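In: Build me a structure from this.
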Amino acid sequence: MSDTRTTDGSAPAGHGLRRSLGFRDLVVYGLLFIAPMAPVGVYGTLDAKSHGAVALVYVVATVAMAFTAFSYAQMVRVVPQAGSVFAYARAGLGKEAGFIAGWMVMLDYLLIPAVAYLFSGIAMNSLVPDVSRWVWTALAVVITTFLNLWGVRTAARVGFLVLALEIVVLLVFVVSAVVMLARDGAHRDWLSPLAGDGTQGAFALSAVIGAVSVAVLSFLGFDAIASFAEEVTGGSRKVAQAVLFCLALTGVLFVAQTYLVALLEPLSSARLAAEPGKQGSAFYDAVDASVGDWLHNLVAVSKAIGAAFAALAGQAAAGRLLFAMARDRRLPRALARTDSGVPRAALVCAAVITLVAAVWAARRDDGLDKLVSVVDIGALTAFTLLHASVVGWFAVRRRSGPPVWWRHVVVPVLGAAITIAVIVEASGTSQVVGAIWLAIGLTVLLTQRGRREDGGMDAGAEAETGAGAG
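Out: Numbering: from 1, shown residues only. Next comes the predicted model:
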């Protein structure tokens, strides 16, 4: 079979994505997927784990994820293709490694939207308890799927309005917190969010590092920006800039909000550690105690809407990943078709899988815990392969000329060390699920290799990578 691309690397009719996104649209997608107030749900856990140094945790996590963002920026410039890490690993490490990277990140891209939809369903159920949360969850999937099917540009415009709402709510929180702190003072020492509150002993760097392994989950999603490399106007440099900008901006927002809420927190980190049941609502409880329940309700509504649109961005990225892997003959060919520049078949496939996972979880009391425990492992494994891809492309294959050693070896090696360390710190359930998913992927890979050897299905694949990278 012939390759799906023409000799100049462009996609033929029925397989092309429409270039319609600008820098702002990419930033909107990135911020929607991450969510500006992502720390709300994990603040209590991080505060307890870090002995009160929760803002420092996000400083360290931002620096740690910066290595991954930098590697994305390196690869998107030379391999400006949909599929993100799938395309990068394929170019830097080979076809098999590319498949494994795409396969592992697929787990993340399909389950993170499911978690976000479930968050939306839970929040709406708390506001309208007469309607079951699985109904709200399914409704959120349907609405955002229609927006994605309408087109990436339309979804970005609606997403911008939702993102603006989230930013306004965050600003309301920041202003309210500053007013309360100026009027009533802080419950903790002003430096405690950066140095610990001292209630669990002296400052412990190990405690901060342990909390970082959880905090990096707040950043998952910034990498989805790279999935739109074939739909951006003005070149792949905009994608690289958007990836770095989103990480830097969310890092600042995360540090600021956790610093402020830690000062408002009436409970010590030792108390939160001793009573895990209080950790999930710690952010809201601190807001209630210091500002009032009106802000609690405002944040809850913002989270309900914001979570649904975070899932929209995730679903869009998942659709592009399925599209890219199908175009490369790694998934059924039907997923590689586009309609008016929109990969609708891939989007519907991603939506159905996410819908099943989200509704299943919404109907179980332990559904959220089950989903959250496994969402990180796929992305972290793919990030590790991403860093290896930078070394492979620039230092081993030298496809872009002589390497710059600090940029193309030192930084990605340090980045890989960080992601591997986080994988080691992940939950046992996450590690088991990741191993099972990897084993299935390897089985699929071996099966496809046998078919390719018989039928020559991989003809022209190297031409595709070379055309895209040139």
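
In: remind me which residues of the chain are low pLDDT?
Out: 1-20, 82-83, 152-153, 234, 280, 366, 368-369, 372-373, 427, 450-470 (pLDDT under 70).

In: For residue 232, see how far away the nearest residue to residue 35 once chain neighbours are set aside is.
Out: Leaving aside its chain neighbours, residue 35 sits nearest to residue 310 (4.9 Å; criterion: C-beta to C-beta, 6 or more residues apart in numbering). Backbone N, C-alpha and C define where each C-beta goes, glycine included. Applying C-beta to C-beta, to the nearest Å, the value for residue 310 to residue 232 is 20 Å.

In: Settle it for me: which of the two has more neighbours?
Out: Neighbour count, other C-beta atoms under 10 Å: between residue 310 and residue 232, residue 310 has more, with 32 against 24.

In: for the more buried one, helix, strand, or coil?
Out: At residue 310, secondary structure determined by DSSP: H, G, I helix; E, B strand; the rest coil is helix.

In: Show me which residues of the strand or helix carrying residue 171 are buried.
Out: Element membership for residue 171, per DSSP states H and E: helix 152-184. Neighbour counts over helix 152-184 (16 or more other C-beta atoms under 10 Å) mark 152, 155-156, 158-160, 162-163, 166, 169-170, 172-173, 176-177, 180-181 as buried.

In: Could you do stretch 192-207 as well?
Out: For stretch 192-207, the neighbour count (16+ other C-beta under 10 Å) marks 192-194, 196-200, 203, 207 as buried.

In: ditto for stretch 85-105
Out: So stretch 85-105, judged by 16+ other C-beta under 10 Å, has buried residues 85-93, 95, 97-105.

In: counting contacts, what elements does the helix holding residue 171 pack onto?
Out: For helix 152-184, the packing partners by 3 or more C-beta pairs under 8 Å, 6 or more residues apart in numbering; DSSP states H and E come out as helix 23-34, helix 133-150, helix 237-264, helix 282-290, helix 293-327.

In: Of these, which is nearest residue 416?
Out: The closest of these to residue 416 is helix 237-264. By C-beta to C-beta, the value is 17.4 Å.

In: after that closest one comes which helix or strand?
Out: Next along from helix 237-264, by DSSP H and E: helix 269-274.

In: ok, residues contacting that following helix?
Out: Helix 269-274 is contacted from outside by 44, 47-52, 196-197, 199-200, 278-279, 282, using C-beta atoms under 8 Å, 6 or more residues apart in numbering.

In: how far does it sit from the chain's center?
Out: Computed by C-alpha atoms, centre = their mean, to the nearest Å, the chain-centroid distance of helix 269-274 equals 29 Å.

In: got a list of what residue 333 touches?
Out: Here residue 333 is in contact with residue 326 (criterion: C-beta under 8 Å, 6+ apart).

In: start at 466 instead
Out: Yes, from this point I'll number from 466; that puts the last item at residue 798.

In: Dump the helices and strands packed on helix 617-649 to a markdown table, plus distance to residue 898.
Out: Putting these into a markdown table (distance: least, C-beta to C-beta, whole Å) gives the following:
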| stretch | distance to residue 898 |
| --- | --- |
| helix 488-499 | 21 |
| helix 598-615 | 21 |
| helix 702-729 | 26 |
| helix 747-755 | 27 |
| helix 758-792 | 17 |
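
In: tell me the angle of the helix holding residue 636 relative to helix 747-755?
Out: Taking axes from the mean of the first three to the mean of the last three C-alpha atoms, to 10 degrees, helix 617-649 and helix 747-755 form an angle of 40 degrees between their directions.

In: Residue 643 reaches residue 726, doesn't it?
Out: No. Taking contacts as C-beta atoms under 8 Å, residue 643 lies outside contact range of residue 726: 11.8 Å.

In: Out of the buried residues of stretch 657-672, which sit inside strands?
Out: With strands taken from DSSP state E, there is no overlap with the buried residues of stretch 657-672.

In: Let's verify residue 651: helix, strand, or coil?
Out: Going by three-state DSSP: residue 651 is coil.

In: and it, how far is that from residue 726?
Out: For residue 651, the distance to residue 726 - C-beta to C-beta - is 11 Å.

In: neighbour count winner among the two?
Out: Neighbours per residue, other C-beta under 10 Å: of residue 651 and residue 726, the larger number sits with residue 726, 26 against 17.

In: Correct me if wrong: residue 564 contacts residue 906.
Out: Yes. If you go by C-beta under 8 Å, residue 564 and residue 906 touch, sitting 7.2 Å apart.

In: Not counting its neighbours along the chain, what's nearest the residue most central in space within the chain?
Out: The residue lying closest to the centre of the chain (C-alpha atoms, centre = their mean) is residue 686, at 1.8 Å. Spatially, and ignoring its direct neighbours in sequence, residue 686 is nearest to residue 498 (3.3 Å; C-beta to C-beta, 6+ apart).

In: Tell me the spacing between that neighbour and residue 825.
Out: Separation of residue 498 from residue 825 (C-beta to C-beta): 22 Å.

In: which residues does residue 621 contact?
Out: Contact analysis of residue 621 by C-beta under 8 Å, 6+ apart lists 486, 490, 493-494.
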